[in-house]
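# sequence plus predicted model, see below.
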Amino acid sequence: MASDLPPWAVRLRAERRTRLWSQREMALQLVEAADKATRARLPARESIVRRVRAYEAGDHQPDDPYRVLYCRVFGIEEADLFGSPAAAVVSADRELTGAVVTIPPFPGYGNRKER
C-alpha cells in the first residue's frame, strides 16, 4: 500500500514515526509551531488530526499554513519534504494564457496559490 502513496505522504508518515509521535501528537506539534496569529486561525485539534491522517493517506497535499508548519516541526526544507513547489496555471483571462509559473509558498495563513 505504501508504494501507492505519493512520496511526500510516505515522507510525512516516516518523519512522524521516526520521532515516535502519534497523529494526535503531530497535530499538537503543528499547533505549537505556529505563530500567535496563525494559531488563532487553526481549527480545533481533532480537525487537525483528521488533516494529518488525510495527508499521510495521500488524499491531498498540505497547503498553507500546514506545509510551512510541517517544515518547521521537522526542520526540513519544503522542497526536500514535498518536492519542488507546485506550479500554477495563470487564469485564462490573463495575457499569459496557459503559462506555467512557480509561486513560492508564503508562510502566512490564508494565502492561497492562484490557480
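Alright, I've got the coordinates. Residues are numbered from 1 along each chain as shown.
# isn't residue 61 right up against residue 55?
Yes - using C-beta atoms under 8 Å, residue 61 is in contact with residue 55, at 7.2 Å. Just so you know, the C-beta spots here come from the backbone N, C-alpha and C atoms, and that holds for glycine as well.
# ok, these two, which is more surrounded?
Higher neighbour count among residue 61 and residue 55: residue 55, with 23 against 16, using other C-beta atoms under 10 Å.
# ok, now which ones touch the more buried one?
Residues near residue 55 by C-beta atoms under 8 Å, 6 or more residues apart in numbering: 9, 12, 61, 62, 66.
# and the helix or strand containing the second one, C-alpha only, in CSV?
Using DSSP states H and E, residue 12 falls within helix 7-18. Coordinates of the C-alpha atoms in helix 7-18 are reproduced here as CSV (Å, rounded to 0.1, in the frame of the first residue of the first chain):
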residue,chain,number,x,y,z
PRO,A,7,6.4,10.2,-1.9
TRP,A,8,5.5,13.3,0.2
ALA,A,9,2.9,11.3,2.1
VAL,A,10,5.3,8.5,2.8
ARG,A,11,7.9,11.1,4.0
LEU,A,12,5.4,12.8,6.3
ARG,A,13,4.5,9.5,7.9
ALA,A,14,8.1,8.4,8.2
GLU,A,15,9.2,11.7,9.7
ARG,A,16,6.4,11.5,12.3
ARG,A,17,7.1,7.8,13.1
THR,A,18,10.9,8.5,13.4
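# so which elements touch it?
helix 45-56, helix 78-82 (3 or more C-beta pairs under 8 Å, 6 or more residues apart in numbering; DSSP states H and E).
# list the buried residues in the last one.
In other words, helix 78-82. Within helix 78-82, the residues scored as buried using 16 or more other C-beta atoms under 10 Å are 81, 82.
# quick one: contacts of that helix?
Against helix 78-82 from outside (C-beta under 8 Å, 6+ apart): 8, 11-12, 15, 61-62, 67-68, 70-71, 74, 85, 105.
# cheers, nothing more for now.
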